[in-house]
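> Fold the following, please.
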Amino acid sequence: MPGVGVGIIILNKENKVLLILRNENSELADSAMHLEGMWTLPAGKVKYGEILEEAAQRKVKEETNLEVNDLKIVSIADDINSYAHFVTIGFIALKVSGKIDLGSSLEHVAYAYFPLDNLPDNTCAPSLKILDNYLNKRIYKR
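Have a look, this model is predicted:
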């Protein structure tokens, strides 16, 4: 049965997108889809009983220490690989506050802001789908 995930676009004043780099160690990267060593939007699984916006706010806080509000859905995607299947809801955060801190979990090892038209080669497919849908102003693409 598929899981439900969220991915959150955070843009800075230069219209660059925040990506975080997952640890290359699969145990520390903690990714059901095995996205270790890849750049990703702040993202993760929706917990039982959690509404989508709450999940998005929680994941951003856990992974970056930022607070996000005024979330808008910009993407729905089927993310399927040989390890897992997720229906991923992509959000854009229209209000962001706080200072980035990746914490001590070692799940993520770096962060950076990238131009939307010049993303790293090792950006994970689920994040690329969200960004593609956002840039092309469509919610879903088969």
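> show me where the chain has helices.
Ranges of helices in the chain, per DSSP state H, are 26-29, 52-64, 125-135.
> Let's test this: mean pLDDT of the second one, rounded?
It refers to helix 52-64. For helix 52-64, the mean pLDDT works out to 98.
> who does it touch, helix- and strand-wise?
strand 3-9, strand 16-22, strand 43-45, strand 67-80, strand 85-97 (3 or more C-beta pairs under 8 Å, 6 or more residues apart in numbering; DSSP states H and E). For every residue, glycine as well, the C-beta is placed using N, CA and C.
> re the thing from before, can you list the helices of the chain in TSV and add distance to Gly3 and mean neighbour count?
Converted to TSV, the helices of the chain look like this (distance: least, C-beta to C-beta, whole Å; neighbours: other C-beta atoms under 10 Å):
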stretch	distance to Gly3	mean neighbour count
helix 26-29	17	14
helix 52-64	11	20
helix 125-135	12	20
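> Tell me which of the ones you listed lies nearest to His85.
Of all the helices of the chain, helix 125-135 sits nearest to His85, with 11.3 Å by C-beta to C-beta.
> that older thread, want to throw the helices of the chain into a markdown table with distance to Ala84?
Output for the helices of the chain, formatted as a markdown table (distance: least, C-beta to C-beta, whole Å):
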| stretch | distance to Ala84 |
| --- | --- |
| helix 26-29 | 13 |
| helix 52-64 | 16 |
| helix 125-135 | 10 |
